[in-house]
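Trainee: what would the 3D arrangement of this be:
(chains A and B)
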Amino acid sequence: MPVMSIRDAMHMALREALDEDSRVFIIGEDIGPYGGTYAVTKGLYDDYGPQRIKDSPLAESVIIGAGVGSAMGGLRPIVEIMTINFTLLGMDQIVNHAAKLRYMSGGQLEIPLIVRTVTGGGAQLAATHSQNFEGWYASVPGLKVVAPSTPYDALGLFRACRQSMDPILFVEHALLYSVKGEVPKEHYTVPLGAADVKRPGKNITIVSHARMLHTSLSAAETLSKEGIEAEVLDLRTMRPLDVESIVNSVKKTHRAVVVEETWKTGGFAGEIVSLIQEHAFDYLDAPVLRVSGEEVPAPYSAPLENLAFPDAARVVGAVRAVFGA
Amino acid sequence: MKLKEKISKAQLLEMYRQMVLIREFENECYRQYMQKNVKGFLHVYSGEEAIAVGVMSLLEPQDYIVTHYRDHGHAIARGLDTKALMAELFGKATGVSKGKGGSMHLFDVKKRFMGGYAIVGGQLPIAVGLAMASKEKGENGLTICFFGDGAMQEGEFHESLNLASIWKLPVIFYCENNLYGMGASVSETYAGHDQIYKAGEPYKIPGVRVDGMNLFEVRRTTAEAVKHVRGGEGPMLIEAQTYRYRGHSISDPAGYRPKDEVEFWMTRDPIILLKKQLLSEGTATEEELKSIVKAAEEEIVAAVKFATESPFPEPAALHQEVYSH
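Mentor: Numbers count the residues shown, from 1 in each chain, chains lettered A, B, ... in the order given. Prediction:
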C-alpha cells in the first residue's frame, strides 16, 4: 500500500475534487503561484489555472462569503483560510450565514461549502497563531466540523465532505502535515460522524483528535509497559459527534481521559466528559479527567510553549491518577 | 419627473400597483404587530417603495437578489406571494421560510430572491459569491445587492467591493441611503456620508447617485447600471437617496429625527409623486388608480386571512432542515 504524508493526501484530495467535478474551485490567500502556506496547493495553479485556483485578497470575510454565495449559486467552492486564527475575521460568514441559511430559508437553500483551515500550536508562533477553535465551531448547529489525524482519514473524510450538501469546517493540524501513513489505491471514503479506535485496549479510554491523538498514542505506549492497556479513540469528526463509539468504549474500559490541545475552560473535552457521565455513569470506576492546554495565551519561547500544551507525560500522569497511582 | 422613457401603460400601472401593495402590506404589518400576531423585529419599507419597484422592473429571471432585513418591499416587488409573506410574519408553516425566518429572513429561491440578511453588511460577500456563480456558469445573470447606509461602515462592504472589482463580477451594489443607521445619523457615523456613491472609487467601481423617491430616475439609473454590469464591465455602486417614514423598527418612535425633516420627505412621497404624474399626463384616470388601491387592500385582507387560518409549524419542524439529511 502506498505511504504518503497528510500534506500529500490533502493535495491528492484537492486534485481529485478538481478532476472529478468541474464546479469545484479553490479560493484562498496565496494558494496560487505561492503554493499555499503549508504547500498543500503547490502545483495546482500551474495545472488548473487561475479560474479554478483563485488567489484572493487578504479578506477572510469575503473569501468565505464568496464561498457561501457561490455554493448557493450551484458551484462547489473549497475555501482555504490560512489558519483557524484568521477564521475569526470571517466568522460572521461561517456562523451567522453558512450555518443558518438552510434552516432560515425553510430548507430552500443549500450550502455545499468546504472551508479548509489549519489549527493548532506547537510551532513557536505565539499567542495569535497557535489556537484551536474547532471546538467552538463544533458547538454550532448547521456546521459540520472535521479534524483528521492520519493521511488515510484526511483523504477519506475529504471525499465524504464532498458528498455532503452542508457547510463544513475541515481542520488540518499545522504540525501533522508530515505525518505519514498508508493510503490504499482503491477508492474509499471515511464517513462523517464515525470515531475510530486507533489503538485497542481494555483498561481505559483516551479520547482525542488531531495532534493530541498522536500524543495520546505515545502515552499509550508508555502505559502499556506499566500494564495499562489504553484504548485510544480518534474523534475524526466533532460534529456530527460519534457519541455511541465513545460511550461503548467507556462501557468496556470503565475509565476515561479526554485529551485536548486547547484551553480547559469551555473546551470540547468538557462536552465529551459530560456525554460520558450522561450515558455511562454507572459503568465508571473513576472520575473522568481532562488533559488540556494551560489557561494562557500561547507563549513564544520554547520552554514556556512546551509547558502550555499537553504532552505524553501529562497524559500518562492523568491516566495514572485515574487508577489512583 | 420625466416620462420620456417608453413604458407601456400596463407596466406603469403595474409598478403603481406594486408600490401601493407594498405600502398597504407595511401598514397592515403595523396593525398586526399591535395585535401581537407579528412578533420579533419589524422593519418596514414605507417611503422607499420606488427603489424596490423600479429596480425589480428591470431584472431578468436569472438575476439574483440579496437584501437587508428591511426586505418586505423587495420581496413583493420581486413577485413573492403576499399570502406566504404575511404567513411568514405570523410564524406559520405556510410562510415563505416555513415560519423559521420571520420578517428579516424572507427567501424564495425559485424566484432567485436569495434572502433578507439581518447582520448588517453580511449579505455583501454572499452577493459577490452569487455573482461568481452567474459568471462561471455563463448565465448572463447579475446580482443586485441592497444594503443601507449603515452597512457602508462595515468591513465586509470594503472587502466585497474590492473582490468584485478585481474579478469584474456582475454585481450592482445598491445603497438605500435613508440617512439613518438605527438612530444615528449617517452624517455622524460615516466619514464619506455626503458622497456615498463615490465609495467605490478606491476600488475603481463607478458610482452614481439617484433620487430614490422618483421611480423614473431609479429606473433610468438602474437600467444604465444593468447594461454596464450585464455587459461584463464589472460592478457598479448606486446610491439611492430615500427616507423611511417610520422608525428603524416598530419599537423605535424615531424621536431623533427633526419634525421638519420628516415632513419634507413626506411631501416627496414616491407613490403620490407617481400618481400625480400618471393623472397629469393622462396616463390613467382617478378611477383606474382607485381600483388599483382597492385591489391591493383586498389582497392584503386575503393575505391576513390566509396567515390567520394557516397552521403553526409542527413540533417536528424544529429539528428539520438543520442539515441536508
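Trainee: next one: whichever residue of the stretch 201-325 of chain A sits closest to chain B, what pLDDT does it get?
Mentor: The minimum distance from the stretch 201-325 of chain A to chain B, using CB to the nearest CB, falls at residue A:240 (8.3 Å). C-beta: built from backbone N, CA, C; applies to glycine. Per-residue pLDDT puts residue A:240 at 98.
Trainee: and what of residue A:226?
Mentor: The model's pLDDT for residue A:226 equals 95.
Trainee: same question, residue B:182
Mentor: On the pLDDT scale, residue B:182 gets 82.
Trainee: list the residues that contact it.
Mentor: Residue B:182 makes contact with B:150, B:248, B:252, according to CB atoms under 8 Å, 6 or more residues apart in numbering or on different chains.
Trainee: now with 10 Å, please.
Mentor: Residue B:182 sits next to B:43, B:120, B:148, B:150, B:189, B:247-249, B:252, B:254, B:256 when contact means CB atoms under 10 Å, 6 or more residues apart in numbering or on different chains.
Trainee: how much space between the residue nearest the centre of chain B and chain A?
Mentor: Central residue of chain B (CA atoms, centre = their mean): residue B:74, 3.4 Å from the mean position. Distance, residue B:74 to chain A, by CB to the nearest CB, to the nearest Å: 15 Å.
Trainee: surely that residue meets residue B:107?
Mentor: No: taking contacts as CB atoms under 10 Å, residue B:74 lies outside contact range of residue B:107: 11.6 Å.
Trainee: how about the residue of the stretch 201-325 of chain A closest to chain B, what does it touch?
Mentor: Contacts of residue A:240 (CB under 10 Å, 6+ apart): A:138, A:144-146, A:191-194, B:323.
Trainee: and the furthest pair within the residues you listed?
Mentor: A:138 and A:191 (17.0 Å; CB to CB).
Trainee: the strands in the stretch 151-300 of chain A, which residues?
Mentor: Counting by DSSP state E, counting those that start in this stretch, the stretch 151-300 of chain A has strands at residues A:168-173, A:180-182, A:196-199, A:204-208, A:230-234, A:237-239, A:256-263, A:289-293.
Trainee: tell me the strands beside the longest one, with direction?
Mentor: Listed by DSSP bridges, the sheet partners of strand A:256-263 and their directions read strand A:204-208 (parallel), strand A:289-293 (parallel).
Trainee: okay, those, which one's buried deepest?
Mentor: Ranked by mean neighbour count, those are led by strand A:204-208 with a mean of 28 (mean count of other CB atoms under 10 Å in any protein chain shown).
Trainee: what is the mean pLDDT for that one?
Mentor: pLDDT averaged over strand A:204-208 gives 98.
Trainee: that one to strand A:230-234, inter-axis angle?
Mentor: For strand A:204-208 against strand A:230-234, the angle between stretch directions is 20 degrees (axes from the mean of the first three to the mean of the last three CA atoms, to 10 degrees).
Trainee: for strand A:204-208, list the C-alpha coordinates in CSV.
Mentor: Only the C-alpha atoms of strand A:204-208 are listed here, as CSV (Å, rounded to 0.1, in the frame of the first residue of the first chain):
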residue,chain,number,x,y,z
ILE,A,204,-9.0,2.9,30.0
THR,A,205,-10.4,5.0,27.1
ILE,A,206,-8.4,8.0,25.9
VAL,A,207,-10.4,10.3,23.7
SER,A,208,-8.7,12.9,21.5
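Trainee: give me the number of residues near the closest residue in space to residue A:56 that isn't next to it in sequence?
Mentor: Closest residue to residue A:56 apart from its sequence neighbours, by CB to CB, 6 or more residues apart in numbering or on different chains: residue A:63 at 4.8 Å. A count of nearby residues for residue A:63, using other CB atoms under 10 Å in any protein chain shown, gives 30.
Trainee: now residue B:274
Mentor: 26.
Trainee: and it, that's in a helix?
Mentor: Yes: counting by DSSP: H, G, I helix; E, B strand; the rest coil, residue B:274 is part of a helix.
Trainee: shouldn't it be in contact with residue B:50?
Mentor: Yes: the criterion here is CB under 10 Å, and residue B:274 meets it with residue B:50 at 7.4 Å.
Trainee: residues shared between the contacts of those two?
Mentor: In contact with both residue B:274 and residue B:50: B:15, B:19, B:213-216, using CB under 10 Å, 6+ apart.
Trainee: farthest pair in those residues?
Mentor: B:15 and B:213 (14.0 Å).
Trainee: neighbour-wise, which of those two wins?
Mentor: Each of residue B:15 and residue B:213 has its neighbours counted (other CB under 10 Å); residue B:213 has more, 26 against 23.
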